[in-house]
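Give the three-dimensional model of this entry:
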Amino acid sequence: MLNCARNLRQNLTPAECLLWSRLRCHQMSCFKFRRQHMIGSYICDFVCAEARVIIELDGSQHLDQASYDASRDRFLRSQGYRVLRFWNGDVLSETEGVMETIFEAMHRKEMADGRLD
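Residues are numbered from 1 along each chain as shown. A predicted model of the protein is given here:
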């Protein structure tokens, strides 16, 4: 599993690359994010342990695995994390809106799981 996470870190999708360029080096209000970080048996796209926020980017393959994603999100929430999901296309075309949603989530104590629509 660790090798898989390393491979994912080395082969980012265009959406992951763009979002990582905006999250890395404490750019989001001094919060530290990790990419392709393991929690339990799951590899999460971006994790801020301090704020207990996970950001997941979804491509078209997620249309066919909704029940898997729901189960995964339940586990991550049971570990005390909030899960934010965004479509890759939204990250690429609505970057500022995605960043605003993430910023708001980082500063909210409680937030329902959401997806930018």
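
Where does the residue nearest the centre of the chain sit: helix, strand or coil?
The centre of the chain sits closest to Ile55, judged by Cα atoms, centre = their mean, with a distance of 1.5 Å. Taking DSSP: H, G, I helix; E, B strand; the rest coil as the rule, one finds Ile55 in the strand state.

Who's the closest spatial neighbour of it, skipping the chain neighbours?
Phe46 (4.1 Å; Cβ to Cβ, 6 or more residues apart in numbering). Where C-beta positions appear, they are placed from N, C-alpha and C, glycine not excepted.

Across the sheet, point out what pairs with that neighbour.
According to DSSP bridges, the residues that bridge with Phe46 are Arg35, Ile55.

That one: neighbouring residues, count only.
Per other Cβ atoms under 10 Å, the neighbour tally for Phe46 reads 22.

again, but for Thr13
Neighbour tally, Thr13, other Cβ under 10 Å: 15.

how about it, phi and psi?
phi -70, psi 160 (degrees, to the nearest 10).

Break down this structure into its strands, ranges please.
34-39, 42-48, 53-58, 82-87, 114-115 (DSSP state E).

I'd like to check the angle between the first one and strand 42-48, please.
When you say that, I think you mean strand 34-39. 130 degrees (axes from the mean of the first three to the mean of the last three Cα atoms, to 10 degrees).

Can you tell me which helices and strands strand 34-39 packs against?
The elements that strand 34-39 packs onto, with contact taken as 3 or more Cβ pairs under 8 Å, 6 or more residues apart in numbering; DSSP states H and E, are helix 2-10, helix 14-23, strand 42-48.

For the shortest one, name the packing helices and strands.
Going back to what we said before, that points to strand 42-48. Contacts defined by 3+ Cβ pairs under 8 Å, 6+ apart place strand 42-48 against helix 2-10, helix 14-23, strand 34-39, strand 53-58, helix 66-78.

Brilliant, that's me finished.
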